[in-house]
Every structure is written in structure tokens, then in C-alpha cells.
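Student: Got a predicted structure here, sequence first:
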Amino acid sequence: MINFVMPDLYPASAEIFILVMACVLLLVDLFAGKGRRWLAYLMAQLTLAGCFGITFVTMDGQGVTTFSNMFVDDLFADFLKLALYPAVAIMLVYSRAYLAARNLDRGEFYLLVLFATLGMMVMISASHFVTVYLGLELLALSMYALVAIDRDSVRATEAAMKYFVLGSMASGLLLYGMSMVYGAIGSLEIAEMGQRIALGGGNKTVLVFGLIFVVAGLAFKLGVVPFHMWVPDVYHGAPTAVTLLLGSAPKLAAFAITLRVLVTGLAELAEHWQVMLMILAALSIALGNLAAIAQRNLKRMLAYSAISHMGFMLLGVLSGIVGGDPRFTLNAYSSAMFYAIAYVLMSLGAFGMILLLSRAGFEAEEIDDFRGLNRRSPWFAAIMMILMFSMAGVPFFVGFFAKFAVLQAVVAANQIWLAVFAVLFSLIGAFYYLRVVKVMYFDAPTDTAPLEAPRDMRILLSVNGLAVAFLGLLPEGVLKYAIYATYTFLLGS
Amino acid sequence: MDIKTTLFYIFSTILVLAALRVVTARNPVHAVLFLVLAFFNASGLWLLLQAEFLAIALIVVYVGAVMVLFLFVVMMLDINLERLRRGFWNNLWLGGPIAVLMVVEMVAVLSARSFGLDAMPAPAPTAAGVSNTKALGVAIYTDYVYPFELASVILLVALIAAVAINLRQRRDHKSLDPARQIAVRRNERVRIVSMPVEKE
């Protein structure tokens, strides 16, 4: 009596692979002794490499949905996933020595990272409100535990508690909004929702009411003002390795669900959510840049900078649908996507530098810890300078180009004042990035210990910094894929 | 008013009052018990909607397992409510008006105009003999198998997280390891000191 059609598992093979490997790692970790901690690390890295291979091989031009339309595998998803795996893998390389020095490199750490990655993959491929929510919860739950994994640190426990309470509230808001949208339109499937609203279905008042809660929930996950309260405390309190993860890859996943929910699902309500995003973006850019000036702690400073960067990314998202000109739409979304990827690259490098200077019993998280870095290691001082210049938007680093592309989209959408506002606050923001550079080059070092980081991390961090410089000169490669991925995404929605 | 409507209003009134008491009760144990009461009434509402399985599951899972565990935790922890409530009156001037405003707005939107019977017509009555438990089971294992699996992964993560954060080898325990006792050597325990003979 059950008409069960076996779902097509092929598009989801990367997700299935990572889940199976996580379960294998769970068992291997049980039997591997204390001396074989490298095994969990190696398996996690191999899993990510395997996922990369699988996603790359199974990638094809057209979007496929499976699992009763709850899972979508299009180029947009594939491209973001192909950016996601290296981000997580780089984070694992950077944090290895840091974790070993603090006795945190237990198998559970790698397990939780893999499950968080699975959560992000589910979010990126979600085409149904239920899978959006479950992916989000899978990511969030793994992150709460990762923040608290240094259980003897009072600061980390406090950060985890704040993150957990506020994160649960945000999930509640999102869920409430989703239930309202469902109540109005009678479907949880994002693409079908878009079609039904376009045909005039649903009570507009209730839809907008639900939309407010959905946007609030998404804003919370992106960490934009006024839903940003958790960001500085969690970034500051979490072990730097976890901050590195928190500040990089999840931004890609949050970007993906924002686009899927708002553009594919609720595009008809664009006039409403564009205004909301405009307020969120303007406030984030202003508050993020102003509050970062007052920070003496580099992790907190980067947290406020993350808030302003996410505001910038939202500028790209909100300037998509204006007057229905499809050319602007494509440019706007692909610029936002490029911004997200560029930010992840810069954020990995910046937190990687903190990890590079940290050692057992010492966290190089104050700006003063970077004093005189030029005399200790001219090469890494130069890398940090590249990263800071890029975040500030100095030409011709990738951060400049990302900002440029987004601003171009904003101007094309006739929001001149918004573009001027964003540029002004970026200028103010340049102050605190340049302060780090000044401290590195013109102050005498207070900490003269030699750098202890392992060679693989030094090489990768150098490559990361050089990539930031190189992509600024030649952004076409990545931008082309971003445009292509966005194009197929828009065709599908 | 027919019997169903009367029951609906009784359940809803008790549900809202119990939920209010959950937040306002001074004693945390009372708060938990009020939450149990709220769950019972919510399950009554679901029964009125002919969702028997969900109603029973709510009682069995939430009241029977989750809330009892919760009660244990609340009783074991020594929560100082006065400390938790500090700052309540200081922030009320800001929080209170915002809350009132939000409630008014939500009532305005979610009124009968949007969710009344003409906006949301009642579904056709189900034919006799249709079991919604069976329908739910079929849906979960076919159409919803992907979210179902994801939910199980989330539970697995919760388990791993709980172990990762809480399980620790105690270093101060007093038990002896017999294997190490047997393997002990003389020169680990006794030190022979050569010293000159001393006279009294």
C-alpha cells in the first residue's frame, strides 16, 4: 500500500559520504589510543578531500532535486560546496598545533567539525523549509559544542551559553516565521511557495508577518545589526580555532539559505524584504565599523569587522530585484556571492595569523601582541598587511574588488546614497585595519619568542595571503564561476 | 456553543494561563509543573483536531520523559532565583512597552480576519477507518525520509556533544590499579641512603 519510490541518492552522494565517514571516525576514534590523535585529523582531512572530489565529479549543469524535492543539487550549491570544503580543511590545518598545545585535539573535535560541515552542506542544498531548519540546527548544535569544547575555560563556557541561548531564540524566530508563511501559503517547499505567491495565493498580511520573523532569524545567523549581540562575545570567548571555523565557512551556508528563502521562495515580497535588508545592512556597516575602532582585542575587532562585512554582503543581496531587470539581478547576486567567498578567504587568513602567533599557554589575541611583527618575521608581517589592506578595501586586493562589485550593483539599483554611505563607513573602518599594520611595522616588539608554527601551516597561510593579493588582481576566474552559478540558480527559481 | 467549541476554550484558557505561570512562578519546580499542565492542554487541543498520535506522543515523550528529566535537573541544581531576577525591574521600562506593542501588533495581524473560518476553511472530514498514525508513519518513511535522517544525525551530534563537554577522566579518584600494583619494583618505592653511623 505504500507507494515508495526509492529517492535518487546520486545528487546527495557527498552528504552521504561525509556522514558515513563521520560515523567511521566515531568508531575509529574509540579504538585509537591517545598516541594516535593524528589519525582523526588525517581522516577528517581525507573526508573533506573525498567530498571535494565527489562534488566535483557529480557536478553537472542542470539542477536536480531529490528526496521529494527537499534536496536540490544545482551549480549554485556545487560551487558553494566546492568553496566550503577547502575553507574547513584550511581551518583544520591552521588549528592543529593550537589544539594540540591545549589538549583539545580529541576525536570529538574533528567529529563535530565534520557534522558542522554536513549541516552547512544541507543548508546549501536545502529546497524545503524543513531541511533549511534542520541543516541550520545541525550546524548550530555542533558549533555550540565546539565553542564549549575547552571546558576548563570560564570564558569559553560563558560564550557557549550566550551563543546557545541567543541561537535557540533565533531558531525559534525563524521557525515561527516559517510556520506563518506555511499557514498563509500551504507549502513548505521553497520553489512551489514562490510559484503559489506569484499566482496571488496566500494572505499578504500574514506572509509579510512571517517574512519579518524569517528575516530576523536569518539576520541572527548572519550576525548583522540589530541581531549581532552574540558575535563579539562568542568570537572572543571561543577557542581561536573554533572562532576561525565560526567566522569563515558558515557565512557561505547562511548566504545560500538567505538567497534560497528570500529569492526563490519569497521573491514576490521583495519590496518588503529589500527595505528590511537595507536597514540591516546600513546599521551593520555603521555599527560594525564604529565599534571596531574601540577594540583592543584583535578577535573582538575582527568580530565587529565581520558584522560590517556581512552588512556589505547584504547590500549585494538587496540590490538584486529592482524594476525586474534581469541583468542587474545576476550581477547583484553574483557580487554578493563573490563577497562571501572573498570574506571567507580573508577571515581564514586573519584568524590564521592569530593562531600562528599563539603557542602553549599564550594567546596572541590582543592587537599589542602583533607589535613589531616585522622584526620577528618580515614575511608574515607582510602577509598580515595584505590581509588587513584587503579587509579595509585597499586596491588592488580581493577585498577591494569584492566591495567594488557590490557597490556597482548597488549603484545599478539606483541606491546611490546607500553606496555613498557604505563607502564612507569603509573609509572610517580602514582606520582600525591600518592600526594593526602600524603596530606591526612601527612599534618595538614586546613578545620576542620565535614563531613555532609547523611548516604546513606556514606554507598554507602564505598561500592564503598571496591568494588574497592574487585574486584582487585577477578576480575573473572566481567571479566567472560565481556569475555562472548564480545564473543557473536564477534559471531554477 | 457545541461541546467541541466549549472544550477548545477550556483547554486554551488553561494552556495560556499555565504558560503565563511558567514564566512568572517563583519556584522553578512549580514552573516545570505548570509546563506539564500546558503540555497536557496542548495535547487536548490536538485531540480535538483529530491528531491522536501527536497528542499521545506529546504526553508520552514530553510529559513522560523530557519533563521528568527536567524536573530532576531543576531539583538538583540550586538555582538562586533572586539573582536571576535582578535587573528585571531595571529593564522593564524598555522591555515592557516593546512587549505590549508587539502583542498588540500580533493580535492585529493574527486576528480572525487572516485566520478566521472564511480565510481558512475547515478541512473535509476524514473518512471513517483512516488512521492518521498510519498516514504519519508512511509519510515519515517515504516523503520525509531525508529530514527524518537529518533529525537522527542531530540527535547523534547532541550525544557526541554531551560526551565531549561533560565526560572527563577524574584525576583525583582513590581506586587502585592492581596491574600497576603488581608491576611495582623495589627501587620505585624504597630508597637506600648511605649515611655515616651516628652515635648518640
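Tutor: Thanks, I have it.

Student: I'd like to know how many residues surround B:I56.
Tutor: The number of residues packed near B:I56 is 14, by other C-beta atoms under 10 Å in any protein chain shown. For the C-beta atoms, the positions are set from N, CA and C on the backbone; glycine is no exception.

Student: Which residue is the nearest non-sequential neighbour of it?
Tutor: Nearest residue to B:I56, sequence neighbours excluded (C-beta to C-beta, 6 or more residues apart in numbering or on different chains): B:S43, at 7.5 Å.

Student: if I look at the one you found, how far off is A:Y94?
Tutor: As judged by C-beta to C-beta, to the nearest Å, B:S43 and A:Y94 stand 50 Å apart.

Student: same check, this time on A:D60
Tutor: 33 Å.

Student: So between these two, which is more surrounded?
Tutor: A:Y94 (28 against 12).

Student: Chain A against chain B: which residues are in contact?
Tutor: Residues of chain A lying near chain B by C-beta under 8 Å from any C-beta of the partner chain: A:2-4, A:7, A:19, A:26, A:67-68, A:70-71, A:106, A:108-109, A:111-112, A:115, A:118, A:122, A:128, A:130-131, A:134-135, A:137-138, A:141-142, A:144-145, A:148-149, A:151, A:183-184, A:203, A:205-206, A:209.

Student: What's the ChimeraX line that selects buried ones from those?
Tutor: Command for ChimeraX, covering only those of those found buried under the criterion 16 or more other C-beta atoms under 10 Å in any protein chain shown:
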select /A:7,19,26,67,68,70,71,106,108,109,111,112,115,118,122,128,130,131,134,135,137,138,141,142,144,145,148,149,183,184,203,206,209
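
Student: Tabulate the CA atom coordinates of the helix or strand hosting A:M123 in CSV.
Tutor: Using DSSP states H and E, A:M123 maps to helix A:107-124. Output of helix A:107-124 as CSV, limited to C-alpha atoms (Å, rounded to 0.1, in the frame of the first residue of the first chain):
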residue,chain,number,x,y,z
GLY,A,107,38.5,12.9,18.1
GLU,A,108,35.3,14.7,19.2
PHE,A,109,36.6,18.0,17.8
TYR,A,110,37.1,16.6,14.3
LEU,A,111,33.7,14.8,14.6
LEU,A,112,31.9,17.9,15.4
VAL,A,113,33.7,19.8,12.6
LEU,A,114,32.6,17.1,10.2
PHE,A,115,29.0,17.3,11.4
ALA,A,116,29.0,21.0,11.2
THR,A,117,30.2,20.7,7.6
LEU,A,118,27.4,18.3,6.9
GLY,A,119,25.0,20.9,8.4
MET,A,120,26.3,23.5,6.1
MET,A,121,26.1,21.2,3.1
VAL,A,122,22.5,20.5,4.0
MET,A,123,21.7,24.2,4.2
ILE,A,124,23.4,25.0,0.9
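
Student: what stretches of the chain score poorly on pLDDT?
Tutor: Since you didn't name a chain, this refers to chain A. A:1-3, A:322-326, A:493 (pLDDT under 70).

Student: was after chain B, sorry
Tutor: Looking at chain B by pLDDT under 70, you get B:80-82, B:168-173.

Student: Spell out the residue ranges of the helices in it.
Tutor: B:3-24, B:28-48, B:52-57, B:67-76, B:81-85, B:88-109, B:112-115, B:132-141, B:145-166, B:178-182, B:186-189 (DSSP state H).

Student: Select, out of those helices, the one closest to A:A350.
Tutor: Relative to A:A350, the nearest member of these by C-beta to C-beta is helix B:145-166, separated by 27.1 Å.

Student: buried ones in that closest one?
Tutor: Counting neighbours by 16+ other C-beta under 10 Å, helix B:145-166 gives B:145-147, B:150-151, B:153-154, B:156-157, B:160-161, B:164-165 as buried.

Student: what do you get for stretch B:24-32?
Tutor: Within stretch B:24-32, the residues that count as buried by 16+ other C-beta under 10 Å are B:25, B:28, B:31-32.

Student: burial of A:A413, as a residue count?
Tutor: 24.

Student: Need the nearest residue in space to it, chain neighbours excluded.
Tutor: Ranked by C-beta to C-beta, 6+ apart and with sequence neighbours excluded, the top spatial neighbour of A:A413 is A:S319, at 3.6 Å.

Student: count of neighbours near the one you found?
Tutor: Neighbour count of A:S319, defined by other C-beta under 10 Å: 31.

Student: Give me the phi and psi angles of it.
Tutor: Main-chain torsions, A:S319, degrees, to the nearest 10: phi -90, psi 20.

Student: Okay, it and A:A485: tell me how far apart.
Tutor: Taking C-beta to C-beta, one finds A:S319 at 18 Å from A:A485.

Student: Of the residues of chain A next to chain B, which belong to strands?
Tutor: Among those, the ones falling in strands (DSSP state E) are A:F71.

Student: Tell me the residues on chain B that lie near chain A, please.
Tutor: B:106, B:109-110, B:114-115, B:119-120, B:138, B:141-147, B:150-151, B:153-154, B:156-158, B:160-161, B:163-166, B:168.

Student: Now that A:A422 has come up, it's in contact with A:Q408, right?
Tutor: No. With contacts counted by C-beta atoms under 8 Å, A:A422 stays clear of A:Q408, the gap being 11.8 Å.

Student: Assign A:L218 to helix, strand or coil.
Tutor: helix (DSSP: H, G, I helix; E, B strand; the rest coil).

Student: what's the neighbour count on the residue nearest to it when sequence neighbours are not counted?
Tutor: Closest residue to A:L218 apart from its sequence neighbours, by C-beta to C-beta, 6+ apart: A:T258 at 5.2 Å. Other residues within reach of A:T258, judged by other C-beta under 10 Å, total 23.

Student: Show me what the helix or strand containing A:F400 is packed against.
Tutor: Assessed by DSSP H and E, A:F400 sits inside helix A:398-412. With contacts taken as 3 or more C-beta pairs under 8 Å, 6 or more residues apart in numbering or on different chains; DSSP states H and E, helix A:398-412 sits against helix A:298-318, helix A:326-357, helix A:378-392, helix A:416-442, helix A:455-473.

Student: gap between A:Y110 and chain B?
Tutor: From A:Y110 across to chain B, the span is 11 Å (C-beta to the nearest C-beta, to the nearest Å).

Student: One more: A:R375?
Tutor: 40 Å.

Student: A:F31: which of the helices and strands packed on helix A:398-412 is closest?
Tutor: helix A:455-473 (26.4 Å).

Student: Tell me which residues of the closest one come out buried.
Tutor: Judged by neighbour count using 16+ other C-beta under 10 Å, the buried positions of helix A:455-473 are A:457-458, A:460-461, A:464-465, A:467-469, A:471-472.

Student: Same list (these) but as CSV, adding distance to A:A83.
Tutor: Output for those, formatted as CSV (distance: C-beta to C-beta, whole Å):
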residue, distance to A:A83
A:M457, 20
A:R458, 23
A:L460, 16
A:L461, 18
A:N464, 14
A:G465, 18
A:A467, 12
A:V468, 14
A:A469, 19
A:L471, 12
A:G472, 17
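
Student: Closest one to B:R185 out of those residues, please.
Tutor: Nearest to B:R185, judged by C-beta to C-beta, of those is A:M457 at 42.9 Å.

Student: isn't A:V113 right up against A:L146?
Tutor: Yes. A:V113 lies in contact with A:L146 (C-beta under 8 Å); the separation is 7.2 Å.
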